[in-house]
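S.K.: I'd like to go over a predicted model; first the sequence, then the structure.
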Amino acid sequence: MEDKILKLNLEGYKVYLEILRIFSNLKNPKIEPYSSLRNRELEVLSVITYMYNEKYGKIPDKERNTLVFSYDSRQEVADTLGVSNEVVYNIMMDLRKKGFLEKNKVNKKLLIPPMKSLTLKFK
């Protein structure tokens, strides 16, 4: 039987969004926290992950977290997703409660590593 390969041509935060959506639908104890995320939480987390990994990826960790969690970055998340700053703030609070964010930094244990594309291989 021939393997089926699906390559998704996505850019920016959308790569992370699709990965998070896949993880959120899997029932596997190793990725359990992801299944608790709602759609808007997935969207906000994907933009934050993109900023952390790619936009500010070459900056030292402490400064990177400061930039990712700045007011301007929160505004950028809101603009990217077409929601208000208040919505982003509330979702970030929910992501903290679920362990994806820690105060004003990303929880590296749950962070998706940098990637430019997504390829799925089905057997």
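M.R.: Received the coordinates, thanks. Numbers count the residues shown, from 1 in each chain.
S.K.: which element is the residue nearest the centre of the chain on?
M.R.: Per C-alpha atoms, centre = their mean, the C-alpha nearest to the average position across the chain is that of S46, at 2.5 Å. Assigned by DSSP states H and E, S46 belongs to helix 39-50.
S.K.: Tell me the first helix or strand C-terminal of that helix.
M.R.: Trace forward from helix 39-50 with DSSP H and E and the next one is helix 61-68.
S.K.: tell me which strands and helices that following helix is in contact with?
M.R.: strand 105-106 (3 or more C-beta pairs under 8 Å, 6 or more residues apart in numbering; DSSP states H and E). Heads up, the C-betas are built off the backbone N, CA and C, glycines and all.
S.K.: Direction included, what does the strand it packs on pair against?
M.R.: Looking at strand 105-106 with DSSP bridges, its partner strands are strand 101-102 (antiparallel).
S.K.: rewinding a little: and the helix holding S46, how far out from the chain middle?
M.R.: The chain centroid and the centroid of helix 39-50 are separated by 4 Å under C-alpha atoms, centre = their mean, to the nearest Å.
S.K.: Would you mind listing the buried residues in that helix?
M.R.: Residues 41-50 are the ones in helix 39-50 that count as buried (16 or more other C-beta atoms under 10 Å).
S.K.: how far off helix 61-68 does it point, in degrees?
M.R.: With axes from the mean of the first three to the mean of the last three C-alpha atoms, to 10 degrees defining the directions, helix 39-50 sits at 130 degrees from helix 61-68.
S.K.: Grab the CA positions of helix 39-50 and hand them over as CSV.
M.R.: Taking C-alpha atoms only, helix 39-50 is exported to CSV below (Å, rounded to 0.1, in the frame of the first residue of the first chain):
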residue,chain,number,x,y,z
ASN,A,39,-11.0,27.6,18.9
ARG,A,40,-10.1,31.2,20.0
GLU,A,41,-7.5,29.8,22.4
LEU,A,42,-5.9,27.8,19.6
GLU,A,43,-5.8,31.0,17.4
VAL,A,44,-4.3,33.2,20.1
LEU,A,45,-1.7,30.5,21.1
SER,A,46,-0.8,30.0,17.4
VAL,A,47,0.0,33.7,16.9
ILE,A,48,1.9,33.9,20.2
THR,A,49,3.9,30.7,19.2
TYR,A,50,4.6,32.3,15.8
